[in-house]
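# Structure for the following, please:
(4 chains)
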Number of protein chains: 2
Amino acid sequence: MSGDERSTATTQGSEEATAGLAADDMRAVGNTRPGGRTARTRAAVHKAVRELIEQNGETSPSILEVAARSGVHAATIYRRWRTPEALLLDVAVETVNEVSPIPVTGDLRADLTAYTHNLVTSTRRPGGLGFLNAMLTAARNPEIGPTGIQELVAPRLSHFQRMLDASGATELTPLDLFGLVLAPVYLGAMIGALPQAPDQTEREVAEIVDNVIAVRLYRSSAH
Amino acid sequence: MSGDERSTATTQGSEEATAGLAADDMRAVGNTRPGGRTARTRAAVHKAVRELIEQNGETSPSILEVAARSGVHAATIYRRWRTPEALLLDVAVETVNEVSPIPVTGDLRADLTAYTHNLVTSTRRPGGLGFLNAMLTAARNPEIGPTGIQELVAPRLSHFQRMLDASGATELTPLDLFGLVLAPVYLGAMIGALPQAPDQTEREVAEIVDNVIAVRLYRSSAH
DNA sequence: TTCAAAATGCAACACAATTCGCGTTAACAT
DNA sequence: ATGTTAACGCGAATTGTGTTGCATTTTGAA
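Numbers count the residues shown, from 1 in each chain, chains lettered A, B, ... in the order given. Purely as a prediction, here's the structure:
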């Protein structure tokens, strides 16, 4: 009923974030120990989660399964992540930042095409809807709330901002890209509307990119 | 491990669907009994689910809670719906068909505005993300699969088709509206990007509608 | 009215998920 | 190096979820 700060901390927890917390107010209560064994445990658990997702597809692994596979005791996982949802979210955020880079070349159409293609492809992998699911679960969790979600999304949005700045697309905001690219791709994958054949994928990607271009042109002309 | 057909049946089950099944091939195995007590039980359970969602916000009620509230024994609910996800999906589909009509007046902009406004408003109610969550869970469920999801979505898409036909918007498909309206609104609500003030809501709705118009114009001109 | 069986209620049951107390290991500040 | 204590492992206890067999009620049709 009380231990919320830990769950929130590990939820954000990339490497830097954990270190950042250590240098903060945690000092008052007692030292935190991100190094050595703790990092090793974290890595083992994350690895196990990824492997289980790879195996089982969309079905989310339970904490017990993760414990068995990683060799880390279940009680430890419960203590650090509190719930399976928090663990999955932690892994999902890390994964998305690794595998889904946002290109910034100054050519809006090229950047969007590359990014969207990558995104569409990633939704077809086993567990491709896992990130969306983790985000949605987090959004529905009162412990996290709107603020927590926006903290999770903020880094990606600022990347989008850089892409837009580089190409001078002042008519568009990161939220536009979120609505015109991310949202349709994820929900399209959800209802199985995405094409399976590779050549149709190109057409799908082109269509989404065209939508963004259309909106940009419309806003330029219509004042 | 075997009883899938029942769960699938109740998943689709609006009133007509249930009656339709009774007149079908179910006759071979044994009579089904949609009337009287069965209907009463179903209504009580649905009512309890809605009330619990109203109370608890985004947190999904468990089958045990629904049983306690509805006065229907838990075993009965387990037998009819199998899992909490299937129950929530059942209620969510029914709800969405009731509260979120798709207008068809022949004026595309007006229809879209009315529908989008309704949609944005509904995502702000307690449990507003419940439908998205239920759909996503269903999509991740191997028992249901892409086919099952498309059966759920199909009626809504055909309604969209009517809206487009009535206004002569041949450049657009129902899937376009799904991607340009539904997806951004739901995912916008997810990340808390939707405005809270009523007057900003109008601007948000107008922007989404403008995006659709922009895409339509773009496709008309760019051949 | 009468009857076969579908649907429900009930309680015991099996099993998975989560928590807890406590002893052990190992960061890391000194 | 050395001491403090955070983080971990372990197993038992607790709680929650889902299942099953059987008696009872109720439906729909003969």
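# Without its sequence neighbours, what residue ends up closest to the residue nearest to the spatial centre of chain A?
In chain A, the residue lying closest to the centroid (Cα atoms, centre = their mean) is residue A:93, at 3.7 Å. The spatial neighbour of residue A:93 that comes closest, neighbours along the chain excluded (Cβ to Cβ, 6 or more residues apart in numbering or on different chains), is residue A:152 at 6.2 Å. (Each C-beta comes from the backbone N, C-alpha and C, glycine too.)
# From residue B:44, how far off is that neighbour?
When distance is defined by Cβ to Cβ, to the nearest Å, residue A:152 is 39 Å away from residue B:44.
# since we're on residue A:124, how many residues are nearby?
Using other Cβ atoms under 10 Å in any protein chain shown, the number of residues around residue A:124 comes to 11.
# next structured bit after the strand or helix carrying residue A:183?
Counting by DSSP states H and E, the element that carries residue A:183 is helix A:183-190. Downstream of helix A:183-190, the first helix or strand assigned by DSSP H and E is helix A:198-221.
# and that next one, what does it pack onto?
On a contact count with 3 or more Cβ pairs under 8 Å, 6 or more residues apart in numbering or on different chains; DSSP states H and E, helix A:198-221 meets helix A:108-124, helix A:174-177, helix A:183-190, helix B:198-221.
# what distance separates the shortest one from the centre of its chain?
What it means is helix A:174-177. How far helix A:174-177 lies from its chain's middle: 16 Å, per Cα atoms, centre = their mean, to the nearest Å.
# likewise the first one?
Here helix A:108-124 is found 15 Å from its chain centre; the criterion is Cα atoms, centre = their mean.
# near chain B at all, it?
No: Helix A:108-124 lies apart from chain B when judged by Cβ under 8 Å from any Cβ of the partner chain; the minimum separation is 11.0 Å.
# That helix - contacts with which helices or strands?
Looks like helix A:108-124 contacts helix A:145-166, helix A:183-190, helix A:198-221 (3+ Cβ pairs under 8 Å, 6+ apart).
# can you rerun that using 10 Å?
If contacts are counted by 3 or more Cβ pairs under 10 Å, 6 or more residues apart in numbering or on different chains; DSSP states H and E, helix A:108-124 sits against helix A:84-99, helix A:130-140, helix A:145-166, helix A:174-177, helix A:183-190, helix A:198-221.
# buried ones in that helix?
Under the neighbour-count criterion of 16 or more other Cβ atoms under 10 Å in any protein chain shown, helix A:108-124 has A:108, A:111-117, A:119-123 buried.
# which ones are touching residue A:215?
Going by Cβ atoms under 10 Å, 6 or more residues apart in numbering or on different chains, residue A:215 touches A:171-172, A:176, A:179-180, B:180, B:207, B:210-215, B:218.
# hmm, back to that, residue A:152 and residue B:44: which has the busier surroundings?
Legend: neighbour count by other Cβ under 10 Å for residue A:152 and residue B:44, higher for residue A:152 (21 against 15).
# what ranges of chain A fall below the confidence cut-off?
Low-confidence segments of chain A (pLDDT under 70): A:1-30, A:33, A:195, A:223.
# if we can go back for a sec, as CSV, the helices and strands packed on helix A:108-124 with distance to DNA strand D would be great.
Formatted as CSV, the helices and strands packed on helix A:108-124 follow (distance: least, Cβ to the nearest atom of the strand, whole Å):
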stretch, distance to DNA strand D
helix A:84-99, 13
helix A:130-140, 16
helix A:145-166, 21
helix A:174-177, 34
helix A:183-190, 22
helix A:198-221, 36
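# want to try JSON lines for these, with distance to residue A:35 as columns?
Converted to JSON lines, those look like this (distance: least, Cβ to Cβ, whole Å):
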{"stretch": "helix A:84-99", "distance to residue A:35": "18"}
{"stretch": "helix A:130-140", "distance to residue A:35": "27"}
{"stretch": "helix A:145-166", "distance to residue A:35": "24"}
{"stretch": "helix A:174-177", "distance to residue A:35": "35"}
{"stretch": "helix A:183-190", "distance to residue A:35": "36"}
{"stretch": "helix A:198-221", "distance to residue A:35": "43"}
